[in-house]
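*Asks:* sharing a sequence plus its predicted fold:
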Protein chains: 2
Amino acid sequence: MARFGLHGSLLAAPGQRGALVAHMLEAASLMKDAPGCELYLVSTSEADDDAVWITEVWRGEADHDASLSLPGVQGLIERARPIIAGMGEFVRLVPQSAP
Amino acid sequence: MARFGLHGSLLAAPGQRGALVAHMLEAASLMKDAPGCELYLVSTSEADDDAVWITEVWRGEADHDASLSLPGVQGLIERARPIIAGMGEFVRLVPQSAP
């Protein structure tokens, strides 16, 4: 089974980047205990006031998919939805080593 | 001091992606011992036969800059140069947590 990775950005509603970062750090905290989660990194960028970057590495894509059903995850998505204006491009990665 | 991150892609010369991955995994191995290196992830992408993605997290930008002077790093860059056709966009990140 190949490792599975994702890198991309969420765009916060105006003025809501800090709140979106807080939500995504909460997601990172949930994912820390998710089976097969090897990395869940939340970043901002000096060049873009609205973007929140997410970089994920999973043991396999099935682990990623299963994580969406973990307790608390759907509730977190629902709470984040109003402060997300859109999504940037997400690139599917094949990590070549453990993070 | 804010954490410093980079995410972007190198484009391998035709047919050289495997060789470029091997070089970058050697870089990852060197960086594992570099002061302040928290993540040096090498990935490919199913969607692009030439790209090698690099995701780095450093304790600070000064640590990243200093790593370029570590023993072996310049030699590795010289050896990789002939198999690199170009660089994709690199995004500077401000990681919001430890990887």
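*Replies:* Perfect, thanks for sending it.
*Asks:* quick check: beta-bridge partners of the nearest residue to A:Glu61 once chain neighbours are set aside?
*Replies:* Counting by C-beta to C-beta, 6 or more residues apart in numbering or on different chains, A:Glu61 lies nearest to A:Phe4, which is 4.0 Å off, once chain neighbours are set aside. Yep, even glycine has a C-beta here, placed from its N, CA and C like the rest. Using DSSP bridges, the bridge partners assigned to A:Phe4 are A:Trp58.
*Asks:* the one 4 residues further on too?
*Replies:* For A:Gly8, the beta-bridge partners are A:Ile54, A:Phe90 (DSSP bridges).
*Asks:* let me see the contact set for the spatially most central residue of chain A.
*Replies:* Among the residues of chain A, the one closest to the centroid is A:Ile54, at 4.4 Å (C-alpha atoms, centre = their mean). Taking C-beta atoms under 8 Å, 6 or more residues apart in numbering or on different chains, we find A:Ile54 in contact with A:6-10, A:24, A:40-43.
*Asks:* the residue nearest to A:Glu61: neighbour count?
*Replies:* When neighbours are defined as other C-beta atoms under 10 Å in any protein chain shown, A:Phe4 has 21 of them.
*Asks:* please list all residues in contact with it.
*Replies:* So A:Phe4 contacts A:57-61, A:63-64, A:92-95 (C-beta under 8 Å, 6+ apart).
*Asks:* go again with 6 Å.
*Replies:* Contacts for A:Phe4 (C-beta atoms under 6 Å, 6 or more residues apart in numbering or on different chains) come out as A:58, A:60-61, A:64.
*Asks:* re earlier: relative to B:His23, how far out is the residue nearest to the centre of chain A?
*Replies:* 27 Å (C-beta to C-beta, to the nearest Å).
*Asks:* same check on A:Ala51?
*Replies:* 30 Å.
*Asks:* okay, those two: which has more neighbours?
*Replies:* B:His23 (22 against 19).
*Asks:* up against chain B, what does chain A have?
*Replies:* A:5, A:7, A:21, A:39, A:41-45, A:53, A:55, A:93-97, A:99 (C-beta under 6 Å from any C-beta of the partner chain).
*Asks:* out of everything not next to it in sequence, what's closest to A:Arg79?
*Replies:* A:Arg79's closest residue in space is A:His23 (C-beta to C-beta, 6+ apart), at 6.7 Å.
*Asks:* an error on my part: the question was meant for A:Ile84.
*Replies:* Leaving aside its sequence neighbours, A:Ile84 sits nearest to A:Leu10 (C-beta to C-beta, 6+ apart; 5.5 Å).
*Asks:* my read is that that neighbour contacts A:Val52, right?
*Replies:* Yes. With contacts counted by C-beta atoms under 6 Å, A:Leu10 reaches A:Val52, the gap being 4.9 Å.
*Asks:* who's more crowded, these two?
*Replies:* More crowded of A:Leu10 and A:Val52, by other C-beta under 10 Å: A:Val52, with 27 against 23.
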